[in-house]
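**Student:** predicted model and sequence below, questions to follow.
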Amino acid sequence: MTIVPALDLFVAGVVLIVAVWTVVARDSSSAVVGFVAYGLLLALVWVRLGAPDVALTEAAIGSGLTGALLIGAAARLRAGESSTSAEHLGGVGRTLVAALATIVAAAIAVALLSLPDPAPSLAPEAAANAGATGLGNPITNVLMAFRAMDTMLEKFVLVIALVGVWSLAPDGAWGGRPRSYHRADPEGALVFLARVLPPLGVVLGIYVLWVSADHPGGAFQGATILAAMWLVVLMAGLGDVPEVGRQQLRLMLVAGPVVFLIVGLGGLLLGGAFLSYPQDWAKPVILAIEFAMILTVAATLALLVAGPPERSAEP
Amino acid sequence: MSETIVFGLCAAVVAGLGLYGAIVNPQPLRKILAFNLLGSGVFLFFGVVARRGAAAGFPGDPIPQALVITGVVVAFSATALALALLLRYFDATGSASLRDGAASNAGPESTDA
């Protein structure tokens, strides 16, 4: 019976070791690799906390896509790394900061240990209203129905972040293509994987969205898999990033938020509240939003990783 | 319910580590990394609170769990924007340092800003 608590302690210990490594590692590339490992281990912790949906998100976005971004950035910044090594804080400063961090960690720990028991929970309400949407997965219910406003605003955040990234383009590359990846060896493993993986990945991504009605999964997790497939193709040089000024691309990027907004305003006209779904049509409406969303989110995530335009648009 | 204590304390330490790293490390990339660590400690704390609210046959309270999913995606967007800013700064100045004067050896691109 003691094997599970011992495993918990072991996983928590490994997570902490990798987190320490991420902070103290000497060069940035090692720290980034530590961070990716940390994210994957954290997914295990989320499973132990009874949250497989969060575990999928953490592994796919928190570790995978963020890792891809960070590794790319670390590689480009390597040239400038040596110039900053002389700016480390002195011993006294370090001690003070360590004391501050310890106080913050202790305060969080005290807050944790003094949480009320039994814990307040909205789970009974979520269970009582699950029948209204016809979805079996409580997380999807919360994301798409009970707190759909949060999910809609998050779509806007993604698109606004992409607008922010694109606005960092140099003047000459305005509306052009993001930087291209190094040409991969056409006989190499990357090109082979980029031909074999995408058909499987696209099916898997749509499957993860489809099962999220009743089982762990979801539109973000599915969209991340689709984005990863596109990125593999781009990195292998089998396709090029589209010009960010293209009309179709921009339509795709706003499709998700626009469908969400139309449904929301429709609810205002028909049901009397923003984002209220028609009683018998809740599930089809939610699936329609999710399928519009998966395209938009996949494209946005991949383009966020691709970065701002750096090559000028062809005339 | 021992896992809530173990992973709750783990979340507290990770948040503290992230704060330490964000202040002590001079390179902006390492600060972004540490900031993500700090955020994930907070998410983990949220997950522990959700686990404590397990009821009605669910392994955890689904509302905080759904909020964490939204939070992870927003954290990714913020990280992407921060890294794009950092790389643009690096391309424009040839330096990844935030110290005053370190950008004096400005590259040719800095004139078109």
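**Tutor:** Nice, thanks for sending it over.

**Student:** rest of the way, CA atoms for contacts and neighbours
**Tutor:** OK.

**Student:** residue ranges for the helices of chain B, please.
**Tutor:** B:2-24, B:28-52, B:62-93 (DSSP state H).

**Student:** of those helices, give the one that comes closest to chain A.
**Tutor:** helix B:2-24 (4.6 Å; CA to the nearest CA).

**Student:** tell me the pLDDT at residue 51?
**Tutor:** Just so you know, I chose chain A. The score at A:Ala51 is 88. That number is its pLDDT.

**Student:** try again with chain B
**Tutor:** For B:Arg51, pLDDT reads 88.

**Student:** close enough to count as contact, it and B:Thr4?
**Tutor:** Yes. Between B:Arg51 and B:Thr4 a contact is recorded at 7.0 Å, counting by CA atoms under 8 Å.

**Student:** overlap in contacts of the two?
**Tutor:** A:Leu49 (CA atoms under 8 Å, 6 or more residues apart in numbering or on different chains).

**Student:** between these two, who's got more neighbours?
**Tutor:** Ranked by neighbour count (other CA atoms under 10 Å in any protein chain shown), B:Arg51 and B:Thr4 place B:Arg51 first, with 27 against 21.

**Student:** for the residue nearest to the more buried one when sequence neighbours are not counted, what are its contacts?
**Tutor:** Counting by CA to CA, 6 or more residues apart in numbering or on different chains, the nearest residue to B:Arg51 once its immediate chain neighbours are dropped is B:Gly60, at 4.3 Å. The neighbours of B:Gly60, taking CA under 8 Å, 6+ apart as the test, are A:Leu49, A:Gly50, A:Ala51, A:Ala123, B:Ala50, B:Arg51, B:Arg52, B:Gly53, B:Ala54.

**Student:** what's the pLDDT at the residue most central in space within chain B?
**Tutor:** With distances taken as CA atoms, centre = their mean, B:Asn36 lies nearest the centre of chain B, 1.5 Å away. B:Asn36 is assigned 94 on the pLDDT scale.

**Student:** thought it was touching B:Gly18?
**Tutor:** Yes. Counting by CA under 8 Å, B:Asn36 does reach B:Gly18; the two are 7.4 Å apart.

**Student:** quick one: name the residues of the stretch 101-250 of chain A near chain B.
**Tutor:** A:101-102, A:104-106, A:108-109, A:112-113, A:118-124, A:126-127, A:138-140, A:142-143, A:150-151, A:154, A:157-158, A:161-162, A:164-165, A:168, A:170-171 (CA under 8 Å from any CA of the partner chain).

**Student:** could you pull out the helices for chain A?
**Tutor:** Listed in chain order, the helices of chain A (DSSP H) span A:3-24, A:28-48, A:52-57, A:66-77, A:91-113, A:123-128, A:138-141, A:148-166, A:189-211, A:219-235, A:247-270, A:282-306.

**Student:** so the last one versus helix A:219-235, what angle?
**Tutor:** To tie it back to what came earlier, the one meant is helix A:282-306. Orientation check (axes from the mean of the first three to the mean of the last three CA atoms, to 10 degrees): helix A:282-306 against helix A:219-235 gives 40 degrees.

**Student:** ditto for the fourth one
**Tutor:** Interaxial angle, helix A:66-77 versus helix A:219-235 (the same axes, to 10 degrees): 40 degrees.

**Student:** so does helix A:66-77 get close to chain B?
**Tutor:** Yes. Helix A:66-77 is in contact with chain B by CA under 8 Å from any CA, via A:Thr66, A:Leu69, A:Leu70, A:Ala73, A:Ala74, A:Arg76, A:Leu77.

**Student:** per-residue confidence at A:Glu81?
**Tutor:** Confidence score, pLDDT, at A:Glu81: 67.

**Student:** for A:Gly217, give me its contacts.
**Tutor:** A:Asp53, A:Leu56, A:Val208, A:Leu209, A:Val211.

**Student:** can you count the residues close to the residue lying closest to A:Ile206 once chain neighbours are set aside?
**Tutor:** Distance criterion CA to CA, 6+ apart; nearest residue to A:Ile206, sequence neighbours excluded, is A:Gly222 at 6.0 Å. Residues near A:Gly222, counting by other CA under 10 Å, number 29.

**Student:** as JSON lines, the contacts of A:Gly217 with neighbour count would be great.
**Tutor:** What follows is the contacts of A:Gly217, written out as JSON lines (neighbours: other CA atoms under 10 Å in any protein chain shown):
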{"residue": "A:Asp53", "neighbour count": "25"}
{"residue": "A:Leu56", "neighbour count": "24"}
{"residue": "A:Val208", "neighbour count": "22"}
{"residue": "A:Leu209", "neighbour count": "22"}
{"residue": "A:Val211", "neighbour count": "15"}
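
**Student:** let's have the residues you listed in TSV, adding distance to A:Leu303.
**Tutor:** Putting these into TSV (distance: CA to CA, whole Å) gives the following:
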residue	distance to A:Leu303
A:Asp53	24
A:Leu56	21
A:Val208	21
A:Leu209	20
A:Val211	26
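
**Student:** out of those residues, which comes closest to chain B?
**Tutor:** A:Asp53 (7.9 Å).

**Student:** show me what contacts the closest one?
**Tutor:** Contacts of A:Asp53 (CA under 8 Å, 6+ apart): A:Ile139, A:Pro216, A:Gly217, A:Gly218, B:Ile69.

**Student:** hmm, 6 Å instead?
**Tutor:** A:Pro216, A:Gly217 (CA atoms under 6 Å, 6 or more residues apart in numbering or on different chains).

**Student:** same thing with A:Ile289?
**Tutor:** Counting by CA under 6 Å, 6+ apart, A:Ile289 touches no other residue.

**Student:** buried members of the residues of the stretch 101-250 of chain A next to chain B into PyMOL, please.
**Tutor:** The following PyMOL line selects those of these that are buried, judged by 16 or more other CA atoms under 10 Å in any protein chain shown:
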select buried, chain A and resi 101+102+104+105+106+108+109+112+121+122+123+124+126+127+138+139+140+142+143+150+151+154+157+158+161+162+164+165+168+170
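
**Student:** pull the number of nearby residues for residue 13.
**Tutor:** Went with chain A since none was named. Counted with other CA under 10 Å, the neighbours of A:Gly13 add up to 15.

**Student:** to clarify, I was referring to chain B.
**Tutor:** Residues contacting B:Val13 under the criterion other CA under 10 Å number 24.

**Student:** same thing with A:Gly175?
**Tutor:** A:Gly175: 23 surrounding residues under other CA under 10 Å.

**Student:** I'd like the distance between the residue nearest to it when sequence neighbours are not counted and chain B.
**Tutor:** In space, and not counting its chain neighbours, A:Gly175 is closest to A:Gly245: 4.5 Å by CA to CA, 6+ apart. From A:Gly245 over to chain B the distance is 18 Å, taken as CA to the nearest CA, to the nearest Å.
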